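Here's a sequence, model it:
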Amino acid sequence: AREPWHPRKVLQLVLTMLGHTEVVLEMLARLFGGEARHAQLVYAVECVKALARLALLGQSRGGGVLRHGGQFEPISKKALQPGGPGPSATGPVVTDLETGESTGPADAAPGRKLGEAEADGGEGAAEAKAPAEPRWQGRRSGKSLALPPRLAAYDNVADQLARAEEGGAEAAPRGAGDGGKGAKGEQAGGPEDLVLRTAGEVLHVLRPVLYVAQLRRPGAAASWRPFMVSLAVELLSLRCSAVARAPGADASAKAAALPPAELLARAMQRLVHGKAVRHAGPCAEELRRRRGLLALYLMRRPLFDRLTLPAVKRVAGGLGGLPAVGASVESMLVETLMYYHRNYFYNSGS
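Just a heads-up that it's a prediction; the model follows:
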């Protein structure tokens, strides 16, 4: 029988489906309903995505970071090669920045080892012998893959693949904690780090909703206010995530024991005076990805009208003098730029 889906996977599926269809939905809304219906759909989609991401964060143990917008992650070809990093097909959505521990269900193994018991409770299954070469068989695809030696000794191979992805090195058995330490033996963070990390994730999730809500105001498209509000929230989110260390296992209990005013004061002091933590692992790549998304502000008005579009037209004008193809190249560059600028979800960064 097929295992029931965990609520986390349902949320991931919603986010993944929206991520693959939101541009089409946006175009259809503009085609059949005009700009007013287009604005309504964009706002509705951003609200749904924000609610799903907040629900994912709420299901985590706290102190996690949302990766890839909460969507399913594709299988890497390197994961299928012996000795590769071994990411799972749906890798953990909310992970710790330093320790890389997943907050997903521990029993969500998508496959099994060949040679394990084939029948539930059958006597003959208990006598089944493992093959000479440890292999992994997908539960739905039926494909069989050789296991690298570092994963062959684990019962729950899928869980160890996910942990290997997060750690970026050899997978550690479940239950082997970090002893209250962060990455490379650093001391784990306290309650103020838990507050900062949570605040950074919430701001990151709510930023697109705040931006679209500002755009719904009359005349806001050519105003600097939505642009500056969105940028300020984005930078504040990155700052919170940058200075927050990995919260320890008792960070939640310590935060609950502190007076709210004192906890807020400690968090503000770390936010203003703290140095950026040197994060590692795939979650450091997630923060790097978010910093890269700042380049999308070049595609948003009014900066687009005052800087990006004139610069591209100037470059395209210079290419217009090319023999035979100059005029085509010039129009192609400008039209392509306007196409990506006109469709919100191409440059939303959400």
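
Which residues lie in contact with Gly34 in this structure?
If you count contacts by Cβ atoms under 8 Å, 6 or more residues apart in numbering, Gly34 has none. Any C-beta I mention is one placed from the backbone N, CA and C, and that applies to glycine too.

Which helix or strand contains Arg225?
Element membership of Arg225 [criterion: DSSP states H and E] is helix 224-243.

Show me what that helix packs onto, helices and strands only.
Secondary-structure packing of helix 224-243 (3 or more Cβ pairs under 8 Å, 6 or more residues apart in numbering; DSSP states H and E): helix 191-215, helix 260-273, helix 282-292.

what comes up buried for the last one?
The reference is to helix 282-292. Using 16 or more other Cβ atoms under 10 Å as the test for burial, helix 282-292 gives Pro282, Cys283, Ala284, Glu286, Leu287, Arg290.

Put together a markdown table for the residues you listed, with pLDDT and distance to Tyr346 on each row.
Below are those laid out as a markdown table (pLDDT from 0 to 100; distance: Cβ to Cβ, whole Å):
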| residue | pLDDT | distance to Tyr346 |
| --- | --- | --- |
| Pro282 | 72 | 25 |
| Cys283 | 74 | 26 |
| Ala284 | 85 | 26 |
| Glu286 | 87 | 21 |
| Leu287 | 90 | 22 |
| Arg290 | 93 | 17 |
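
With distance to Leu203 as new columns, can the residues you listed be given to me in a markdown table?
Output for the buried residues of helix 282-292, formatted as a markdown table (distance: Cβ to Cβ, whole Å):
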| residue | distance to Leu203 |
| --- | --- |
| Pro282 | 21 |
| Cys283 | 17 |
| Ala284 | 19 |
| Glu286 | 15 |
| Leu287 | 13 |
| Arg290 | 11 |
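
where are the low-confidence patches of the stretch 1-150 of the chain?
Where the stretch 1-150 of the chain drops to pLDDT under 70, the residues are 1-5, 61-63, 74-134, 136, 138-140, 147-150.

can you rerun that using 90?
Of all residues in the stretch 1-150 of the chain, those with pLDDT under 90 make up the ranges 1-10, 57-150.

coming back round to it: go ahead and name everything in contact with the helix holding Arg225.
By Cβ under 8 Å, 6+ apart, helix 224-243 touches 65, 97, 196-197, 199-201, 203-204, 206-208, 210-211, 214-215, 220, 270-271, 274-277, 287, 290-291, 293-294, 297, 300-303.

Show me which of these are buried.
Neighbour-count burial within the contacts of helix 224-243 applies to 65, 97, 196-197, 199-201, 203-204, 206-208, 210-211, 214-215, 270-271, 274, 277, 287, 290, 297, 300-301; the criterion is 16+ other Cβ under 10 Å.

immediately after the helix holding Arg225, which helix or strand?
Next element after helix 224-243 (DSSP H and E): helix 251-257.

Next, the residues that contact that next one from outside, please.
Contact with helix 251-257 is made by Gly62, Gly63, Ala188, Gly189, Gly190, Pro191, Asp193, Leu194, Val195, Leu263, as judged by Cβ under 8 Å, 6+ apart.

picking that back up, let's have the helices and strands packed on helix 224-243 in CSV, adding distance to Gln40.
As requested, the helices and strands packed on helix 224-243 are exported to CSV (distance: least, Cβ to Cβ, whole Å):
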stretch, distance to Gln40
helix 191-215, 10
helix 260-273, 36
helix 282-292, 27
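
Check the burial of the closest residue to Val312 other than its chain neighbours by counting its neighbours.
Nearest residue to Val312, sequence neighbours excluded (Cβ to Cβ, 6 or more residues apart in numbering): Leu337, at 5.3 Å. Residues lying near Leu337 (other Cβ atoms under 10 Å) number 18.

so Glu22 makes contact with Pro208?
No - at 11.2 Å, Glu22 does not count as touching Pro208 under the criterion of Cβ atoms under 8 Å.

Below-threshold pLDDT in the stretch 201-350 of the chain: ranges please.
Applying pLDDT under 90 to the stretch 201-350 of the chain flags the ranges 216-222, 244-260, 263, 266-267, 270, 273-286, 313-334, 348-350.

In three-state terms, how would Gln137 be classified?
When classified by DSSP: H, G, I helix; E, B strand; the rest coil, Gln137 comes out as strand.

isn't Ala316 right up against Thr336?
No - between Ala316 and Thr336 there is no contact under Cβ under 8 Å: 10.1 Å.

Neighbour count: the two, which is higher?
Ala316 (18 against 11).

Would you list the phi and psi of Ser144?
Ser144 adopts backbone torsions of phi -110, psi 130, taken as degrees, to the nearest 10.

quick one: it and Arg135, what's the gap?
The gap separating Ser144 from Arg135 is 5 Å, by Cβ to Cβ, to the nearest Å.

which of the two has more neighbours?
Set side by side, Ser144 and Arg135 show more neighbours around Arg135, with 15 against 12, by other Cβ under 10 Å.

Thank you kindly, that will do.
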